[in-house]
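1. Would you be able to build a 3D model of this:
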Amino acid sequence: MDWVMSDLAAGRQVLQCRHAPIRLQLPAFGPASAGACVSHKNMPQALGHIEPRVFFSGKGEPLLMFGSSSKDNCVSQYIVDLRALIPDLASKMKLDGTASPIRFLLPTLLPRPATKHELEQDYLVLFGVDDQMYVQQSLEPRAITTFDSGASTPAPVDIPAALPQCISSLHQSSASSDPAVDQLTSVQQATNALRLTLCEYPCNPSIENTVLISVMHVKHNEGDNEHYKRHLVVMAPAAPFEILARSSPLEFSGIAEHDLVFTNQIAWDHMHFRSHSTSSTTVAPPRADYASAKRSAPPLRNLLANDFNHGWLDDTVMILLSINDRENAVLHAKASDLLKNMEAC
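-> Numbering: from 1, shown residues only. Below you'll find the model as predicted:
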């Protein structure tokens, strides 16, 4: 895909496919075992693949997480490397010699929490400082498990199940404008996480100045109406990924709040926004040179900096939205702008 000028909105750019879409040949799962969907009787037994999320690991792996029918419940969560599904993806994305070898050659079941649910969804894959993988299966109550594609058994991370006040208080501030209408709220994970260093390029990332950011939803059900409010969540960069702060509701220009707007993914748009001007007239080296230099000199290698899921405050985040389950939208925001109006936890 690439950016082109819109024919409908003067001066605006839209994402457009450069080639015909590719149908991914994911293996079929299911059908779900009898009785697995007791509370979701309308759920098809052979559901297929739903709610895909694409993101990079710090090692340069383009990963696809998706839900699908399983033998144990209605929907389970799986992960697969997109390079295994699209043979020439690595060369097209210039990942040859940069990304690590494929470790998820086939869809791999993500570890489940101790208490299983019929519908496993809204998972979050987290990468620690050393790029060790973790899976957050639930935001409320919070549950995180270690995850290794090898033979090791997943283990729960010791973390309080109760959310901090800055998150739990969102329920209390969600009173309906109509006293006659009951309003139910729930807190849900929305997007993948990105690594952010809290200063401008080229400052040196460290464990003290680097965090993880993601978007969470507060789901509101008022009678027959359903909508989401979006909040940026800031977490510590290493396990147990303590929640440090959350933003005020994120409002996106041009989108009606009564629409069903779901934030699917976030990504660094280094391809289109990677030049960094210093306070003088000189231009900082390209980010790729900075991260590559760290990788090529082992004594100086910075484990936090990479070309894939890491950025600085003056970098640009691309936010992908789903609108009314029918349309998609993309918008850009400076990382520093997303961190405005934060409430510490």
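2. Which parts of the stretch 201-345 of the chain are helices?
-> In the stretch 201-345 of the chain, the helices defined using DSSP state H, counting those that start in this stretch lie at 287-296, 335-338.
3. averaging pLDDT over each of these, which comes out lowest?
-> Here the lowest mean pLDDT among the helices of the stretch 201-345 of the chain goes to helix 287-296, at a mean of 42.
4. Compute the number of surrounding residues for Asn309.
-> Around Asn309 there are 23 other residues, counting by other CB atoms under 10 Å. To be clear about C-beta, it is placed using only N, CA and C from the backbone, and glycine gets the same treatment.
5. how close does it get to Ala190?
-> Separation of Asn309 from Ala190 (CB to CB, to the nearest Å) stands at 17 Å.
6. before we move on, what about Pro52?
-> Here Pro52 is placed at a distance of 14 Å from Ala190 (CB to CB).
7. for Pro202, same thing?
-> The value you get for Pro202 to Ala190, if CB to CB is used, is 31 Å.
8. For these two, work out which one has more neighbours and name it.
-> Ala190 (23 against 16).
9. Make sure the more buried one is actually in contact with Lys229.
-> No. If you go by CB atoms under 8 Å, Ala190 and Lys229 don't touch, sitting 10.6 Å apart.
10. Are there residues contacting both of those two? Which ones?
-> Here Ala190 and Lys229 share the contacting residues His217, scored by CB atoms under 8 Å, 6 or more residues apart in numbering.
11. how distant is stretch 202-210 from the center of its chain?
-> 21 Å (CA atoms, centre = their mean, to the nearest Å).
12. go on, stretch 96-110?
-> With CA atoms, centre = their mean, you get 18 Å for stretch 96-110.
13. ditto for stretch 315-323
-> Stretch 315-323 has its average C-alpha position 10 Å from the chain's average C-alpha position, going by CA atoms, centre = their mean.
14. The residue nearest to His310 when sequence neighbours are not counted - how many residues pack around it?
-> Sequence neighbours aside, Arg195 is the residue nearest to His310 in space, at 4.3 Å (criterion: CB to CB, 6 or more residues apart in numbering). Arg195 has 21 neighbours, counted by other CB under 10 Å.
15. Contacts only, for Arg195.
-> Gly58, Phe127, Thr210, Val211, Leu212, Pro237, Leu304, Asn306, Asn309, His310, Gly311.
16. Between all of those, which two are separated the most?
-> The two members of the contacts of Arg195 with the most space between them (CB to CB) are Val211 and Asn306, at 15.3 Å.
17. Looking at these two, which is more packed in?
-> Using other CB under 10 Å as the criterion, Val211 and Asn306 rank with Asn306 on top: 24 against 20.
18. Once you drop chain neighbours, what's closest to the more buried one?
-> Leaving aside its chain neighbours, Asn306 sits nearest to Gly58 (4.8 Å; criterion: CB to CB, 6+ apart).
19. Spell out the secondary structure type for Ile167.
-> Classification of Ile167 using DSSP: H, G, I helix; E, B strand; the rest coil returns helix.
20. what's the pLDDT at Pro113?
-> pLDDT, read off for Pro113, is 75.
21. quick check, it in a strand?
-> No. Using three-state DSSP, the assignment for Pro113 is coil, not a strand.
22. That one: what's it in contact with?
-> Gln137, Ser138, Ala143, Thr145, Pro156.
23. go again using 7 Å as the cut-off
-> Applying CB atoms under 7 Å, 6 or more residues apart in numbering to Pro113 gives the contacts Gln137, Ser138, Ala143.
24. Check Thr191 too.
-> Ser214, Val215, Thr263, Asn264, Gln265, Ile266.
25. you'd agree the third one is up against Leu321?
-> So that's Thr263. Yes. Judged on CB atoms under 7 Å, Thr263 makes contact with Leu321 at a distance of 5.8 Å.
26. Trp312: how many residues sit nearby?
-> Neighbours of Trp312 under the rule other CB under 10 Å: 22.
27. Am I right that it is in contact with Tyr201?
-> Yes. Counting by CB under 7 Å, Tyr201 is a contact partner of Trp312 at 4.2 Å.
28. Backbone dihedrals for the residue nearest to Phe308 when sequence neighbours are not counted, please?
-> Counting by CB to CB, 6+ apart, Phe308 lies nearest to Phe56, which is 3.7 Å off, once chain neighbours are set aside. Backbone torsions for Phe56, taken as degrees, to the nearest 10, come to phi -100, psi 140.
29. before we move on, the earlier item: among the contacts of Pro113, which one has the most neighbours?
-> For the contacts of Pro113, neighbours tallied by other CB under 10 Å; top is Gln137, 24 neighbours.
30. who are the neighbours in contact with that residue?
-> Residues near Gln137 by CB under 7 Å, 6+ apart: Arg112, Pro113, Tyr123, Ala143, Thr145.
31. ditto for Arg83
-> Counting by CB under 7 Å, 6+ apart, Arg83 makes contact with Pro62, Leu89, Ala90, Ile102.
32. before we move on, what about Trp268?
-> Neighbours of Trp268 in contact, by CB under 7 Å, 6+ apart: Leu194, Gly311, Asp315, Val317.
33. 10 Å instead, please
-> Counting by CB atoms under 10 Å, 6 or more residues apart in numbering, Trp268 touches 56, 194-196, 274, 287, 307-312, 315-318, 335.
34. Are any of the residues you listed buried, and if so which?
-> Burial by neighbour count, 16 or more other CB atoms under 10 Å: within the contacts of Trp268 this picks out 56, 194-196, 274, 287, 307-312, 315-318, 335.
35. Fine, thanks again, bye for now.
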